[in-house]
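Let me see the structure of the following:
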Amino acid sequence: MMRHRSATKASGDIEFISDDRRAGRRRSCHRIPVDALVTLNADSRGIEATVCDVSEGGLRIALHGPPPPGPITVKMVGFPIFAGEVRWRDSDHIGVELGQPISTDILAAWVRVHGKRS
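A predicted model of the protein is given here:
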């Protein structure tokens, strides 16, 4: 089955990048604010970035410049490598949908280490 990828602009200059199977699906996981330095990798190119919020199913990442093309991995010291795809972008952030959900244990550890304090 061939997937059709498209990019569309919405209000607020957010560009949604989707395929036919996922178009229109809304995020259903609770977002937790964090501040974590990570390295994004695609095509053996590493880009430093900051995760702004995390859920079991995805990440919002602050990124200066264009996102890496295609599937990416997200690496952070002391945690497993997460694989996913960029689903949207705006001028300063990208949204990454993970291929596999983050386990509750790993998510809790990540928030303990990198969660924003109020």
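
Could you list the low-pLDDT ranges of the protein?
Along the chain, segments meeting pLDDT under 70 span 1-28, 117-118.

Tell me where the protein has strands.
Remark: strands assigned in the chain by DSSP state E are 5-10, 14-19, 32-42, 45-54, 58-62, 72-75, 82-89, 93-98.

roughly how far is the longest one from the heart of the chain?
It stands for strand 32-42. On the basis of CA atoms, centre = their mean, to the nearest Å, strand 32-42 sits 8 Å off its chain's mean C-alpha point.

Equivalent analysis for the last one, please.
When distances are taken as CA atoms, centre = their mean, strand 93-98 is centred 2 Å away from the chain's centroid.

And the residue nearest the centre of the protein?
Among the residues of the chain, the one closest to the centroid is Val96, at 2.3 Å (CA atoms, centre = their mean).

Pretty sure it sits against Arg89.
No. Here Val96 does not reach Arg89: they are 10.0 Å apart, not a contact under CB atoms under 8 Å. For every residue, glycine as well, the C-beta is placed using N, CA and C.

any shared contact partners between the two?
Common neighbours of Val96 and Arg89 (criterion: CB atoms under 8 Å, 6 or more residues apart in numbering): none identified.
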